[in-house]
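[1] Quick one: sequence plus predicted model below, questions after.
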Amino acid sequence: MRLAVIGCGAIGEKRAAAARLHEIVVAADLLPGPAERLAAKTGARATTRWQDAIAADVDAVIIATTHHSQAEIALAAVEAGKHVLVEKPAGRSAAEVAPVAAAARKLKRTVKVGFNHRFHPAIAKAHAMVTTGEIGPLFFIRGRYGHGGRPGYEREWR
């Protein structure tokens, strides 16, 4: 597959690395540095415009941007005939994401949300405990998950 990566920070880089069996054609980021670094690693063309990535001759788009832009970019990608992998949460509300789902159905494009915790061993174990009846019917669930910081973490978008 020919791919475009929009959002070339840590998650965009991880997604590009995971897609190493495919061709990364375009690396797009608002900042030229991250786009150029990912382009250098993958042989892609760097751009600071996500619209350039969607207009490119690609089969699918990986969207690893901040939450406020995810739904807009995903909708534009689907409307341009691309398949989409968008990082969680895919938008800031269900109303923001609904047009993406509707366009995907209408245009027969695949849109997936990169929610990797779905396959986390602890989640799988909890699911098994519920479905086998080991812990009985659920009344309430509280879940927590996190990770430690790293050098420079305080300067990231979070």
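    Structure's in. What do you need?

[2] For the protein, just list every one of the strands.
    Here the chain has its strands, by DSSP state E, at 2-6, 23-28, 45-47, 60-63, 83-87, 111-114.

[3] Export those strands as a markdown table, with columns for mean neighbour count.
    For the C-beta atoms, the positions are set from N, CA and C on the backbone; glycine is no exception. Shown next, in a markdown table, are these (neighbours: other CB atoms under 10 Å):
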| stretch | mean neighbour count |
| --- | --- |
| strand 2-6 | 25 |
| strand 23-28 | 24 |
| strand 45-47 | 19 |
| strand 60-63 | 26 |
| strand 83-87 | 22 |
| strand 111-114 | 18 |
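
[4] Between these, which one is closest to residue 102.
    Smallest distance to residue 102 across those (CB to CB): 10.5 Å, for strand 111-114.

[5] can I get the strands of the chain in JSON lines with distance to residue 144 and mean pLDDT?
    Output for these, formatted as JSON lines (distance: least, CB to CB, whole Å; pLDDT from 0 to 100):
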{"stretch": "strand 2-6", "distance to residue 144": "30", "mean pLDDT": "98"}
{"stretch": "strand 23-28", "distance to residue 144": "34", "mean pLDDT": "98"}
{"stretch": "strand 45-47", "distance to residue 144": "38", "mean pLDDT": "98"}
{"stretch": "strand 60-63", "distance to residue 144": "27", "mean pLDDT": "98"}
{"stretch": "strand 83-87", "distance to residue 144": "20", "mean pLDDT": "97"}
{"stretch": "strand 111-114", "distance to residue 144": "21", "mean pLDDT": "96"}
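
[6] out of those, which comes closest to residue 134?
    Taking the strands of the chain one by one with CB to CB, strand 111-114 is closest: 28.8 Å.

[7] What strands line up against that closest one, and which way round?
    Applying DSSP bridges, strand 111-114 is found paired with strand 83-87 (parallel).

[8] how big is the angle separating the partner strand from strand 2-6?
    30 degrees (axes from the mean of the first three to the mean of the last three CA atoms, to 10 degrees).

[9] CA atoms of strand 83-87 as CSV?
    Provided in CSV are the C-alpha atoms of strand 83-87 (Å, rounded to 0.1, in the frame of the first residue of the first chain):
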residue,chain,number,x,y,z
HIS,A,83,-8.8,4.6,3.6
VAL,A,84,-8.0,6.0,7.1
LEU,A,85,-6.3,5.0,10.3
VAL,A,86,-6.9,7.8,12.8
GLU,A,87,-5.5,7.9,16.3
